[in-house]
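**Student:** Let's see this in three dimensions:
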Amino acid sequence: YPPAEERTFLKPREEEVDLEGGVGKLQVITSQTPKEDQGGYYCKACDVLIKDSQAYLDHINGKKHNRMLGMNMTVERVGVQSVMDKFKSLKKKKEQKPVRTFEEYEAKLEREQKDEAAKKKAKRDRKKMKRRGGDLPPDDEQELNNEGDAELQAAGLPISFSSKKR
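**Tutor:** Numbers count the residues shown, from 1 in each chain. Below is the predicted model:
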């Protein structure tokens, strides 16, 4: 650790914490695999491998890790003027954002309501057709499932685990 006199106040993190970077990846790990390439989250500053995301977050926000980075766990005290300056900069940023009008919100809400009504109507129509014994109009999802079923069947794999036949 750096000596206490050389440590600075706690600062915000400059880089983004990537917790989803290794999700869905397959990786072969042997006894010769370097520590940073093994499964889990690796901290270069502390040379430690952590296996789950919650423990990793606890580590990077913890006292030992921040001391290794040369910070103590105290936050710099700021004066009233710096707080006022920050509020002014945030106010300017807010004023620069385009403001949506009430009409735009109403139009968006109306579109969403129309879409929802169309979905409900289609569902009702499918139910009526089913009750009458007619053929159901195919959905996009049903068409995709049927295409996937044909591919599975061509490969000689089962397409359903139910007892009734298609």
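
**Student:** any idea where the helices of this protein begin and end?
**Tutor:** 53-60, 63-68, 80-96, 102-132, 140-154 (DSSP state H).

**Student:** Let me have these in TSV, extended by distance to Gly24, mean pLDDT and mean neighbour count.
**Tutor:** Any C-beta I mention is one placed from the backbone N, CA and C, and that applies to glycine too. Shown next, in TSV, are the helices of the chain (distance: least, CB to CB, whole Å; pLDDT from 0 to 100; neighbours: other CB atoms under 10 Å):
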stretch	distance to Gly24	mean pLDDT	mean neighbour count
helix 53-60	14	94	14
helix 63-68	27	91	15
helix 80-96	36	91	9
helix 102-132	31	90	10
helix 140-154	20	60	11
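
**Student:** Figure out which of the ones you listed is closest to Pro2.
**Tutor:** helix 63-68 (7.5 Å; CB to CB).

**Student:** got the CA positions of the closest one in CSV?
**Tutor:** Output of helix 63-68 as CSV, limited to C-alpha atoms (Å, rounded to 0.1, in the frame of the first residue of the first chain):
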residue,chain,number,x,y,z
LYS,A,63,-11.2,-0.4,1.4
LYS,A,64,-8.3,-2.8,0.4
HIS,A,65,-8.8,-2.2,-3.3
ASN,A,66,-9.0,1.5,-3.1
ARG,A,67,-5.9,1.6,-0.9
MET,A,68,-4.1,-0.3,-3.6
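
**Student:** Contacts for stretch 49-62, please.
**Tutor:** Under the criterion CB atoms under 8 Å, 6 or more residues apart in numbering, residues 13, 17, 19, 35-36, 38-43, 46, 48, 65 lie in contact with stretch 49-62.

**Student:** Test for you: state the pLDDT assigned to the residue nearest to the spatial centre of the chain.
**Tutor:** For the chain, the residue nearest the mean C-alpha position is Glu20 (7.7 Å; CA atoms, centre = their mean). What the model reports for Glu20 is a pLDDT of 86.
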